[in-house]
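Chemist: Fold the following, please.
(chains A and B)
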Number of protein chains: 2
Amino acid sequence: MRIHPECYPCFLRQAYYTLKLVTRDEVLQEKVLKRVMEKLACYEGKDPPPKVSHLVYGTITQETGVRDPYWTKKRECNRMALGLYPRLKELVEQSDDPLLAAVKVAIAGNAIDFGVGRSFELENLEIRGEVDLVVSYYEAFKEDFQRAQTVLYIGDNAGEVVFDRVLLEVMEGKELFFAVRSGPIINDVTLEDAYEAGIDKVAQIIESGSRAPGTLLDEVTPEFKEFFWEADMVISKGQGNFETLNDAPRRVYFLLKAKCEVVANLLGVGVGDTLLIKG
Amino acid sequence: MRIHPECYPCFLRQAYYTLKLVTRDEVLQEKVLKRVMEKLACYEGKDPPPKVSHLVYGTITQETGVRDPYWTKKRECNRMALGLYPRLKELVEQSDDPLLAAVKVAIAGNAIDFGVGRSFELENLEIRGEVDLVVSYYEAFKEDFQRAQTVLYIGDNAGEVVFDRVLLEVMEGKELFFAVRSGPIINDVTLEDAYEAGIDKVAQIIESGSRAPGTLLDEVTPEFKEFFWEADMVISKGQGNFETLNDAPRRVYFLLKAKCEVVANLLGVGVGDTLLIKG
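Modeler: Down below sits the predicted model:
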């Protein structure tokens, strides 16, 4: 999907939120915000928001020298999520349909996101797996899953990656590949997070090549591209991956929570709604 | 008070909100947002937010040709507020302390504001006059009021101006002057609004000379300046007037609702808190 006018105020809000993590120096904050606005004012493409987002966060890194503003928060998220892991496992094991229960757990994990600049309280969230799927292609998902030999699972955020592990564990027996970003961007999942979450115990971890908070197919590695086109089934987590892959000419299952008006309107749902859709 | 880094994302959000009122053309919306960012990126002053806000809204007018995007909404607000007027009057008349009740009514009216880009439902608001004044210099206000012969009341927004009328009516007997903006800016009160609200029945209406959503003392008319320095008592409504007059070297009573983090932090209160303070 292409960037929408509403994305610009959102980028600036995200930039300010990130700058607050990086520095208390208001003169520097103002300087960097102006540099971000300058870049956005000059931007003339029609790319998906995550590509432009990369420009925004890249400017913050460039101007402040801080490469990974969310590093500490990501560690904290992974630790909190790992604390919930036994409860999530139990939930899935006690379910009549463990695959569906695990899908819901994975989507519930998508509530963990700093990109949109809103706070969340993990303990209070839909972590009981009681998410309501407003739109659900679960039957098709299940059929395709049963037939699949190879599954490419494109991860989204730190913390959330522990919830993904729960879904991947239900999928054991298939050849599983878990894709992460190739560099730190917001709280998106990287190699370090995937290992911290123990994904390596259940899937092969690969880097996508994308350093944006999404999966830009014109920036991914040849290896990822092959997985993407050849895998029997592709599962994409989160809004950033949806924004960058929703037009891709192959079947992709998107598990996501609609986090802003722009995406919610595109999908015809409300902000905060959770979905399992077929792209 | 000076502009804060957090103001920039807020300006851009306001610009987008306003552009949605002006046009459905997303290409134009994007173009204007970029022009606004360009201007903000080049801005190097340390002015109060309303001065910069004037730059933002001025750019929207310049680029779209729409001089008063809120004109219709202002009419609607005045009409709705006039519908409430009998109820507000009754409330004050039944009170043991009509001056205090009217002060509370006037502050409650300050909840009507599009500038911050949040929606409001007039009917559900603190229109029952049951606002809690988190900080209140009412005793000093009352004393100064009793002594005063001339009172300058600096208005804030359309709709709200009807609530101001209720307070002005309690003040009858004094020489009352009601100041409005000299041009349309957001939903700020102008001559047209003041007349629509019937302010002319109770006070002399004057233009301040300011075309910003506040009162910039370096832009006001000589007439307003004289009123401002010579009046026995000055009452300032709303956040925009507070942001531009809080450093003025004379006693001003500010009646406002803290509408953003920046102002709430400065005042040591929470967002949404209502105050009667002495500057």
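
Chemist: quick one: pLDDT of A:E126?
Modeler: Confidence at A:E126, expressed as pLDDT, is 48.

Chemist: Check A:N110 too.
Modeler: We have a pLDDT of 86 for A:N110.

Chemist: Ok, A:C260 next?
Modeler: Predicted confidence (pLDDT) for A:C260: 95.

Chemist: how near is it to A:P49?
Modeler: With distances taken as Cβ to Cβ, to the nearest Å, A:C260 is found 9 Å from A:P49. Quick note: C-beta positions are derived from backbone N, CA and C, even for glycine.

Chemist: Please save the CA atoms from stretch A:213-228 in CSV.
Modeler: Taking C-alpha atoms only, stretch A:213-228 is exported to CSV below (Å, rounded to 0.1, in the frame of the first residue of the first chain):
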residue,chain,number,x,y,z
PRO,A,213,9.7,-1.9,9.7
GLY,A,214,8.2,-4.1,7.1
THR,A,215,9.3,-6.3,4.2
LEU,A,216,10.2,-4.3,1.1
LEU,A,217,10.5,-6.8,-1.6
ASP,A,218,12.9,-4.6,-3.6
GLU,A,219,15.3,-4.6,-0.7
VAL,A,220,15.2,-8.3,0.5
THR,A,221,18.1,-10.7,0.0
PRO,A,222,18.0,-13.2,-2.9
GLU,A,223,17.8,-16.0,-0.2
PHE,A,224,14.7,-14.4,1.3
LYS,A,225,13.2,-13.8,-2.1
GLU,A,226,13.5,-17.5,-2.9
PHE,A,227,11.9,-18.5,0.4
PHE,A,228,9.1,-16.0,-0.2
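
Chemist: Contacts for it next, please.
Modeler: Residues from elsewhere that reach stretch A:213-228, judged by Cβ atoms under 8 Å, 6 or more residues apart in numbering or on different chains: A:47-51, A:53-54, A:57, A:115, A:150, A:152, A:154, A:177, A:179, A:181-182, A:185-186, A:188, A:206-212, A:234, A:236, A:240-241, A:243-245, A:248, A:250.

Chemist: and A:C260 and A:P49? which has more neighbours close in?
Modeler: Neighbours per residue, other Cβ atoms under 10 Å in any protein chain shown: of A:C260 and A:P49, the larger number sits with A:P49, 28 against 19.

Chemist: mind listing what that one touches?
Modeler: By Cβ under 8 Å, 6+ apart, the contact set of A:P49 is A:1, A:3-4, A:7, A:214, A:240, A:243, A:262.

Chemist: same question, A:D144
Modeler: Listed by Cβ under 8 Å, 6+ apart, the contact partners of A:D144 are A:232-233, A:251, A:253.

Chemist: could you dump the residues you listed to CSV with distance to A:T23 and secondary structure?
Modeler: Formatted as CSV, those follow (distance: Cβ to Cβ, whole Å; DSSP: H, G, I helix; E, B strand; the rest coil):
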residue, distance to A:T23, secondary structure
A:D232, 47, coil
A:M233, 43, strand
A:R251, 44, coil
A:Y253, 40, strand
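
Chemist: Going through these, which ones are buried?
Modeler: Of all those considered here, the ones buried according to neighbour count by 16 or more other Cβ atoms under 10 Å in any protein chain shown are A:233, A:253.

Chemist: A:K20: what's it in contact with?
Modeler: The contact partners of A:K20, taken as Cβ under 8 Å, 6+ apart, are A:Q29.

Chemist: pLDDT averaged over the host helix or strand of A:A179 - what is it?
Modeler: Element membership of A:A179, judged by DSSP states H and E, is strand A:175-180. For strand A:175-180, the per-residue pLDDT values average out at 98.
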